[in-house]
Every structure is written in C-alpha cells, then in structure tokens.
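S.K.: No letters, just coordinates:
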C-alpha cells in the first residue's frame, strides 16, 4: 500500500483539500485499495476542528465530500508510516522538519514540486480564494499520482 500524507499549517484548508482531491483521483482510477491518504497540521491551533467551510464548499461543488474530517497534528512517527509527505508551501516544509527532525529517505517535498511549475500553494485562509487553491492542489495531486504510478509500475 502506498501511503501519502498532505500537510499544511492548520489542516483545515489546503491539506484536507489535497487529501480528498487525491482520494477522488485514485477512486476514479479504481486504485483506492492501493493507497492510504491522509492529512495533518504542523501547528496545534486547529486540532479537532472540521474542514474550513471554503474548502468544504469548493469540494462539494465538485461532488467531493470531506465528511468526518477533523484537524490532526503531524507526529514524528508519521515519517516512518508514510511514503510521501507533502507540504503545501516552503513554510510547511520547515514546520514538518521541525517535527520530524530529518529526511534521510527524501520523502518530504512541496506538493507542487511534482508539477512542471514548482511553487508554493497560497493559503486560502489568508487569500480567500479557494478556486485558485483548488486549481493548484489538483495540478499537484495529478502530477504526484502520475509520479507514483510510474515509480510503482502501476498502470
């Protein structure tokens, strides 16, 4: 099983968006049984809170549910449990490294590092633009999935 963890500051906007977009992509390719996909926060500020209404509403427009998801915090142990750990921006990478300590297996990257245009994904908590965030997240998830499928020799 391929284990993917998406990480942002609070685990209420970008990382749950990426989690549920990626789940939707693998389900549409009939590969859900091959993956375990989750998301977490680098901070403790939002722990236990539901997905932000902006993310929920954007994904609901696309028929993607976030039901049952509440913010959780990244743990040092997650490094051993996941194959891919994706931050949404460089500051998230710094936060991940603060918690994890080091990355000897080179599992930690920004999500859009897998795209043809590597960059940070802006935080819609501050920008208010969940459409742009979705576009970036989808681009990153599609590129990540393509990379994983090639690396694992799946379809």
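M.R.: Structure received. Bear in mind that the values here come from a model prediction, so they are computed numbers and not experimental data. Numbers count the residues shown, from 1 in each chain.

S.K.: Just to check, residue 132 is in contact with residue 122?
M.R.: Yes. Residue 132 lies in contact with residue 122 (CB atoms under 8 Å); the separation is 6.6 Å. Bear in mind the C-beta positions are built from the backbone N, C-alpha and C, glycine included.

S.K.: for residue 7, helix, strand, or coil?
M.R.: What DSSP: H, G, I helix; E, B strand; the rest coil gives for residue 7 is strand.

S.K.: quick one on the thing from earlier: shared neighbours, residue 132 and residue 122?
M.R.: Both residue 132 and residue 122 lack any common contact, where contact means CB atoms under 8 Å, 6 or more residues apart in numbering.

S.K.: Stretch 74-92: which residues count as buried?
M.R.: Of all the residues in stretch 74-92, those buried under the rule 16 or more other CB atoms under 10 Å are 74, 78, 79, 82, 83, 84, 85, 86, 87, 88, 89, 92.

S.K.: quick one: which of those sit in helices?
M.R.: Secondary structure defined by DSSP state H assigns 78, 79, 92 of those to helices.

S.K.: quick one: the second one from residue 126, how far?
M.R.: So the one you mean is residue 79. Using CB to CB, to the nearest Å, residue 79 is found at 28 Å from residue 126.

S.K.: One more: the first one?
M.R.: Computed as CB to CB, the residue 78 to residue 126 distance reads 26 Å.

S.K.: again with the last one
M.R.: Using CB to CB, we find residue 92 at a distance of 14 Å from residue 126.
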